[in-house]
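J.: mind folding the following:
(one chain, ligands or ions: 1)
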Amino acid sequence: MSVTIVIGAQWGDEGKGKIVDILAEKADVVIRYQGGANAGHTVIHDHETYILHAIPSGIISGNAVNIIGGGCVVDPLLLKEEIKILQEKGITVDSAHFKIADNAHLVTPIHKWLDKLQNAHLGTTQRGIGPAYEDKVRRTGIRFDMIANDSYKRMVDSHVNEAKKRVISLYGQNYPSEMDEELCRCFDAAKELLPYIAESAPILEEAVNSGKEVLFEGAQGTMLDIDHGTYPYVTSSNTTIGGAYTGSGVFVNFDRRIGVVKSYTTRVGEGPFPTELLDKNGEKLRDKGREFGSTTGRPRRCGWLDIPLLKKAIRINGFNALALTKISCLSGFDTLKVAVNYNNNVPVYKEFKGWHEPIEGITDWKLIPEACKTYIHFIEKELNIPINMISTGPHRANIIFRNS
Ligand code: IMP
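T.: Numbering: from 1, shown residues only. Coordinates of the predicted model:
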């Protein structure tokens with residue numbers, strides 16, 4: 001039995017949902033430890049597509065206990081909706097299989113309003129994530145334990161007044177007339193979620209100490225980390241391995257630290273992206289990879305793989321295994337490029353022969369075209385970490401297991 005963590009190595013959307021879904025089948029406990037409904041993990045299981053924004057992907061596949069950890073921010077209205085959609089699709093979401101840490105913070109309609117006003121230039125998902133974490137750090141946030149003991153009410157007035165004051169002074173913006181009603185709906189939804197609220201750290205501790213299979217599921221990606229990412233074009237939490245400790249409240253020795261690497265690079269929103277392709281190749285990658293945000297539907301920016309960026313992700317997270325995703329989207333290029341270095345901030349590329357054979361759905365390494373094998377071997381050698389899983393398509397079965 002082991003403790004595993006899965007973290008995106010780039011700017012998110014690496015295909016973590018599928019990797020977690022595969023690993024979660026055997027997991028006893030799965031925890032999301034940071035972020036909120038800005039994430040969108042797509043899981044295709046038994047021909048049904050699920051997009052999970054808040055609930056860990058382990059809810060789909062098995063009997064695991066799924067935890068939204070204390071490092072997360074939770075929009076009660078969206079979460080209630082997510083639970084409803086899953087239940088309508090026949091997935092069991094009950095208090096035995098799903099728990100929300102009592103120290104997780106709420107995202108309120110005020111946060112979403114502020115996100116739209118303040119953070120448009122950063123290209124945020126406008127899900128209120130930044131303002132919710134701001135309130136947490138300012139010590140004016142509202143947590144689920146406060147909902148449970150009804151002590152949140154005195155915080156709500158200051159939450160509203162503070163936001164009004166700030167917005168009016170900065171933007172001269174009127175307070176939306178429907179806000180009070182929306183706030184009531186939000187807190188009503190939070191109260192309906194109370195059966196799921198738990199002190200989650202002891203549950204995790206017990207699972208780890210008794211040798212159960214525990215899986216930590218990262219959201220977003222390493223380069224969106226508030227400290228280590230491309231600041232200020234980042235999200236507001238620690239997406240990297242440190243966030244797993246603060247966001248779960250439990251020290252663990254991770255046996256497997258799996259970095260999920262997309263075979264090329266994408267990002268949504270604003271910010272630096274040295275290997276971005278603004279030409280036909282970029283469009284082709286977007287088209288082949290169906291690169292549109294699963295939370296916002298925005299077209300993702302696409303570019304070549306970036307080895308120095310991945311080396312930084314390895315340094316931060318200590319990956320000891322990699323999962324390479326979306327390799328099937330690279331069929332059909334005459335040549336491919338990989339950034340191997342930077343010269344005065346300009347990427348230095350190595351060129352590879354492409355391949356035209358479709359490889360979607362291949363599960364046998366021997367059937368992979370030689371040019372594709374060369375590409376994968378190069379990545380493995382440069383990063384000096386085994387690529388143990390290669391995803392060859394969106395379905396759960398479309399995977400090659402290697403080295404293990
Ligand atoms: P926020 O997390 O909504 O504050 O957005 C901050 C930045 O992170 C923006 O560039 C978003 O596009 C990006 N972002 C947030 N969540 C995700 C995700 O799950 N995948 C990819 N990018 C994300």
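
J.: any idea how many residues pack against the closest residue to the ligand within the chain?
T.: Of all residues in the chain, residue 269 sits closest to the ligand, at 2.2 Å by Cβ to the nearest ligand atom. For the C-beta atoms, the positions are set from N, CA and C on the backbone; glycine is no exception. As a burial measure, residue 269 scores 21 neighbours (other Cβ atoms under 10 Å).

J.: can you get me a residue count around the nearest residue to it once chain neighbours are set aside?
T.: Of all residues not flanking residue 269 in the chain, residue 123 sits nearest, at 3.0 Å (Cβ to Cβ, 6 or more residues apart in numbering). Residues lying near residue 123 (other Cβ under 10 Å) number 16.

J.: what's the answer for the one 3 residues further on, then?
T.: Neighbours of residue 126 under the rule other Cβ under 10 Å: 17.

J.: just the element for it, please.
T.: Per DSSP states H and E, residue 126 falls between elements, in no helix or strand.

J.: name the helix or strand for the residue nearest to residue 19 when sequence neighbours are not counted, please.
T.: Ranked by Cβ to Cβ, 6+ apart and with sequence neighbours excluded, the top spatial neighbour of residue 19 is residue 323, at 4.8 Å. Assigned by DSSP H and E, residue 323 falls within strand 321-325.

J.: one more: residue 190?
T.: Following DSSP H and E, the helix or strand that holds residue 190 is helix 179-192.

J.: now the helices for the protein?
T.: Along the chain, counting by DSSP state H, helices occupy 16-24, 58-61, 76-88, 109-118, 129-138, 144-148, 153-171, 179-192, 200-209, 241-248, 280-288, 307-317, 370-383.

J.: how about JSON lines for these, with mean pLDDT, distance to the ligand and mean neighbour count added?
T.: Listed next are the helices of the chain as JSON lines, based on pLDDT from 0 to 100; distance: least, Cβ to the nearest ligand atom, whole Å; neighbours: other Cβ atoms under 10 Å:
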{"stretch": "helix 16-24", "mean pLDDT": "91", "distance to the ligand": "9", "mean neighbour count": "26"}
{"stretch": "helix 58-61", "mean pLDDT": "85", "distance to the ligand": "17", "mean neighbour count": "25"}
{"stretch": "helix 76-88", "mean pLDDT": "96", "distance to the ligand": "13", "mean neighbour count": "17"}
{"stretch": "helix 109-118", "mean pLDDT": "93", "distance to the ligand": "7", "mean neighbour count": "21"}
{"stretch": "helix 129-138", "mean pLDDT": "96", "distance to the ligand": "4", "mean neighbour count": "21"}
{"stretch": "helix 144-148", "mean pLDDT": "95", "distance to the ligand": "20", "mean neighbour count": "19"}
{"stretch": "helix 153-171", "mean pLDDT": "85", "distance to the ligand": "17", "mean neighbour count": "13"}
{"stretch": "helix 179-192", "mean pLDDT": "95", "distance to the ligand": "18", "mean neighbour count": "16"}
{"stretch": "helix 200-209", "mean pLDDT": "96", "distance to the ligand": "22", "mean neighbour count": "17"}
{"stretch": "helix 241-248", "mean pLDDT": "98", "distance to the ligand": "13", "mean neighbour count": "21"}
{"stretch": "helix 280-288", "mean pLDDT": "96", "distance to the ligand": "14", "mean neighbour count": "16"}
{"stretch": "helix 307-317", "mean pLDDT": "98", "distance to the ligand": "15", "mean neighbour count": "20"}
{"stretch": "helix 370-383", "mean pLDDT": "98", "distance to the ligand": "21", "mean neighbour count": "16"}
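
J.: closest to residue 299 out of the ones you listed?
T.: When those are compared by Cβ to Cβ, helix 280-288 sits nearest residue 299, at 6.1 Å.

J.: and for the closest one, what are the contacting residues?
T.: For helix 280-288, contacts defined as Cβ atoms under 8 Å, 6 or more residues apart in numbering pick out 264, 266, 276-277, 291-292, 299-303, 329-333.

J.: against residue 129, how distant is the nearest residue to residue 166 once chain neighbours are set aside?
T.: Counting by Cβ to Cβ, 6+ apart, residue 114 is the residue found nearest to residue 166 once chain neighbours are left out, at 7.9 Å. Residue 114 sits 11 Å away from residue 129, going by Cβ to Cβ, to the nearest Å.

J.: same deal with residue 48?
T.: Taking Cβ to Cβ, one finds residue 48 at 28 Å from residue 129.

J.: hang on, the earlier thing: isn't the residue nearest to residue 269 up against residue 293?
T.: No: here residue 123 does not reach residue 293: they are 10.3 Å apart, not a contact under Cβ atoms under 8 Å.

J.: what is in contact with those two at once?
T.: residue 268.

J.: dump the residue contacts of the residue of the chain closest to the ligand.
T.: By Cβ under 8 Å, 6+ apart, the contact set of residue 269 is 122-125, 233, 298.

J.: can you name the two of those residues that are farthest apart?
T.: Within these, two members stand farthest from each other by Cβ to Cβ: 233 and 298, at 14.2 Å.

J.: list phi and psi for residue 264.
T.: Here is the backbone geometry of residue 264 (degrees, to the nearest 10): phi -140, psi -160.

J.: could you give the number of residues near it?
T.: Count around residue 264 with other Cβ under 10 Å applied: 27.

J.: residue 289 too?
T.: Using other Cβ under 10 Å, residue 289 has 21 other residues around it.

J.: my guess is it contacts residue 326. True?
T.: Yes: Residue 289 is within contact range of residue 326, at 5.6 Å (criterion: Cβ under 8 Å).
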